[in-house]
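K.L.:
following is a predicted model, sequence given first.
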Amino acid sequence: MAETFRIGELAKAAGVASSTVRYYERQGLLRPSSRSASNYRLYSESDLERLRFIRAAQATGFTLEDVTQLLRPAACGKVQALLEDRLARVGERMKELRHLQKVLRASLAECREHQESGRCRVVDELTVRAKAPR
């Protein structure tokens, strides 16, 4: 007989909270395979694999909407389009992070250069920027 899990057991096996499982149910991403005589939700091994897939897809940055599409039987072209879109978004984020890294390095260098004064110019500049009208 195949192993079944109650919601807490499924959550533990997947490394998530029971509330996460319930949330995925409300979103239509996951459904219990059956109910026990006591009306407990029962999940199968395939439900566990589905839950793990959802978590892995989210960890890769896919939205729940994307995950919904990935869970449907889809042509490779559709999956490729999702992957290309995600890759483009990652590229944009990396560009933003590289810029942020450059700004932080410059700020750190300026802090080190003026540390003798006892007052960090970076803090002064950020204060001025915060007060500037937008």
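P.N.:
Alright, I've got the coordinates.
K.L.:
dump the residue contacts of the residue nearest to Thr60 when sequence neighbours are not counted.
P.N.:
Of all residues beyond its chain neighbours, the one nearest Thr60 is Arg86 (7.2 Å), with distances taken as Cβ to Cβ, 6 or more residues apart in numbering. Every C-beta, even on glycine, is put in place using the N, C-alpha and C of the backbone. When contacts are counted by Cβ atoms under 8 Å, 6 or more residues apart in numbering, Arg86 touches Thr60, Gly61, Phe62, Asp66.
K.L.:
how far away is Arg86 from Arg93?
P.N.:
10 Å (Cβ to Cβ, to the nearest Å).
K.L.:
kindly report the same for Ser44.
P.N.:
The spacing between Ser44 and Arg93, counted by Cβ to Cβ, is 36 Å.
K.L.:
circling back to that earlier point, among the contacts of Arg86, which ones are buried?
P.N.:
Neighbour counting over these (16 or more other Cβ atoms under 10 Å) leaves Phe62, Asp66 as the buried ones.
K.L.:
from the contacts of Arg86, which is closest to Ala106?
P.N.:
When the contacts of Arg86 are ranked by distance to Ala106 (Cβ to Cβ), Gly61 comes first, at 28.3 Å.
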